[in-house]
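Asks: What would the 3D arrangement of this be:
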Amino acid sequence: MGQLNKKVMKKKKQKLPDAKKHQIISFIKSGIRIFGYIFLWYNLDISIILLILSELVGIGEELV
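Replies: Predicted coordinates for the structure are as follows:
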């Protein structure tokens, strides 16, 4: 019975996120977002693309 519980516990463990990768991706996302807001003054199309890209990077950030 004890061995069965160990196998069940191993299957339930979640992998911890890599904090360093998460931080790096977060900085990249923030940089893209800042450029997106800066471009609001100059080119709306580029701004929209950058802001959408930052959201996609944010999704990737949560998957690290």
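Asks: how about the helices in the chain?
Replies: Assigned helices in the chain, in chain order: 2-12, 19-38, 44-63 (criterion: DSSP state H).
Asks: Would you single out the least confident of the ones you listed?
Replies: Lowest mean pLDDT within those: helix 2-12, a mean of 62.
Asks: Surely residue 40 is in contact with residue 49?
Replies: No - counting by CB atoms under 8 Å, residue 40 sits too far from residue 49 to count as a contact (12.0 Å). Backbone N, C-alpha and C define where each C-beta goes, glycine included.
Asks: returning to what we had before: turn the helices of the chain into CSV, including mean neighbour count.
Replies: Formatted as CSV, the helices of the chain follow (neighbours: other CB atoms under 10 Å):
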stretch, mean neighbour count
helix 2-12, 8
helix 19-38, 14
helix 44-63, 14
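Asks: Residue 63 and residue 42: what is the separation?
Replies: Applying CB to CB, to the nearest Å, the value for residue 63 to residue 42 is 32 Å.
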